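Participant: Mind folding the following:
(one chain, ligands or ions: 3)
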Amino acid sequence: MRVLGIETTCDETAAAVVSDRLGMDGGDILSNEVLSQIAQHAAYGGVVPEIAARAHIDVLDRLIARALANARVDLADIDAIAAAAGPGLIGGVLVGLTAAKGLALASGKPFIAVNHLEAHALTARLTDHLDFPYLALLVSGGHTQLVAVRGVGDYRRLGSTVDDAAGEAFDKVAKMLGLPYPGGPQIEKLAQEGDPHRFDLPRPMVGRGGADFSLSGLKTAVRLEVLKLGAPSEKDVKDLAASFQAAIVDIMIDRVRGGIKLFTEGEGRPSGLVIGGGVGANGPIRRALTRLCAESGLRFVSPPGNLCSDNGAIIAWAGLERLKRGFTDDLDFAPRPRWPLDATASGTHHGKA
Ligand code: ATP
Ligand code: MG
Ligand code: FE
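Facilitator: Ligands and ions are numbered 1, 2, ... in the order given. A predicted model of the protein is given here:
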């Protein structure tokens, strides 16, 4: 089976073709075209929705053509067309969803509406052999949550952020430190040369039960340190970056511990922990999670960085997982700018199986 996947929920325009492996686990990425709009948003220090939507329109049709060409297939060789229908910025979602529906209508192929978070949660099954149920940590610019992945379309949210998303915290702190957007990679780089113990920053929620996150207090604490310093030197910036990142790592580890506990109480033992979302590219976070999993006797599955951040292959793969189970959607499926993962039913969009 081959599925075309389209992603336009945020600031990446992406299209990809993914196929399954007959009788085997995992999938093959036949093409994965991603165009980041970072340069267009950089001047504003964050994603501007109207600019994002227009930029998707400008490039999406050519990107889809390129994804098909690079996969050496025609639309006729594709079994279904999947698009991320949310959660995300409504203007962008409309562009990708409408394009996918148009292709589905013209080709007579099934259309599949994919929850963007579901795509991150299922990516580990594209790259690795991983059975349900497992625990997923989704950390990006827009989302921070821990999810029990019980099956395709069957998710239970164990915890989520009550304020900022992890990537948002990285981006906002970077802005305070005078670093360009997106801030995550910048902070990670500078932190390598900084002293993580110089600033005593708070670790909100750490030690509490449950698996919720809170990151705005940490961000505010960094702001106060910056104000105290007045004009931070290069060394101050490196030390603040290192201290901030160390706090984030401690928070992540503590919250994932809470998630493992909740998971075990509700579903039994997870078959592993997977990470998804752009913040999943962060080295210190990955290493800390690797250690935690080793301690807990859990498998840690971390897809490569380019599949952690937004791309079309993860949408195509989620579409493929749905198609295999007969879960397709009607062409009047409305965009869902807000779409909690636990409201993603299995096939109730329009289930044939
Ligand atoms: P969505 O939330 O809908 O998935 P997004 O565009 O915010 O959309 P991604 O593209 O997955 O999500 O991730 C971008 C975020 O990841 C940014 O906030 C960025 O700062 C952060 N990020 C990227 N690399 C790193 C890194 N090495 N360390 C920490 N954060 C990072
Ligand atoms: Mg992005
Ligand atoms: Fe994402």
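Participant: Just the pLDDT for the residue nearest to the spatial centre of the chain.
Facilitator: Nearest to the geometric centre of the chain sits Gly277, at 2.8 Å (Cα atoms, centre = their mean). Each residue has a pLDDT score; the one for Gly277 is 94.
Participant: give me phi/psi at the residue lying closest to it once chain neighbours are set aside?
Facilitator: Once flanking residues are discounted, Gly277 sits nearest to Ser140: 3.3 Å by Cβ to Cβ, 6 or more residues apart in numbering. Every C-beta, even on glycine, is put in place using the N, C-alpha and C of the backbone. Main-chain torsions, Ser140, degrees, to the nearest 10: phi -140, psi -170.
Participant: And Ser140, how far from Thr161?
Facilitator: From Ser140 across to Thr161, the span is 11 Å (Cβ to Cβ, to the nearest Å).
Participant: Would you mind telling me which of those two has more residues around it?
Facilitator: It is Ser140, of Ser140 and Thr161, that has more neighbours when counted by other Cβ atoms under 10 Å, with 24 against 20.
Participant: Just confirm yes or no for the least confident helix or strand in the chain by mean pLDDT near ligand 1.
Facilitator: The helix or strand of the chain with the lowest confidence, counting by mean pLDDT, DSSP states H and E, is helix 38-42 at a mean of 88. No - applying Cβ under 6 Å from any ligand atom, one finds helix 38-42 separated from ligand 1 by no less than 9.2 Å.
Participant: Report all helices and strands that that helix contacts.
Facilitator: helix 49-70 (3 or more Cβ pairs under 8 Å, 6 or more residues apart in numbering; DSSP states H and E).
Participant: Buried residues of the helix it packs on, list them for me.
Facilitator: Residues of helix 49-70 classed as buried under the neighbour-count rule (16 or more other Cβ atoms under 10 Å) are Ile51, Ala52, Ala53, Ala55, His56, Ile57, Val59, Leu60, Leu63, Ile64, Ala67, Leu68.
Participant: Same check on stretch 269-286?
Facilitator: Across stretch 269-286, burial judged by 16+ other Cβ under 10 Å covers 270-282, 284-286.
Participant: and if you look at stretch 214-234?
Facilitator: Buried-residue list, stretch 214-234, by 16+ other Cβ under 10 Å: Ser214, Leu215, Leu218, Lys219, Ala221, Val222, Glu225, Val226, Pro232.
Participant: How about stretch 253-263?
Facilitator: Judged by neighbour count using 16+ other Cβ under 10 Å, the buried positions of stretch 253-263 are Ile253, Asp254, Arg255, Val256, Gly258, Gly259, Ile260, Leu262, Phe263.
Participant: Same list (those) but as a markdown table, adding distance to ligand 3 and pLDDT.
Facilitator: Formatted as a markdown table, the buried residues of stretch 253-263 follow (distance: Cβ to the ion, whole Å; pLDDT from 0 to 100):
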| residue | distance to ligand 3 | pLDDT |
| --- | --- | --- |
| Ile253 | 22 | 98 |
| Asp254 | 23 | 98 |
| Arg255 | 19 | 98 |
| Val256 | 19 | 98 |
| Gly258 | 23 | 98 |
| Gly259 | 19 | 98 |
| Ile260 | 23 | 98 |
| Leu262 | 23 | 98 |
| Phe263 | 22 | 98 |
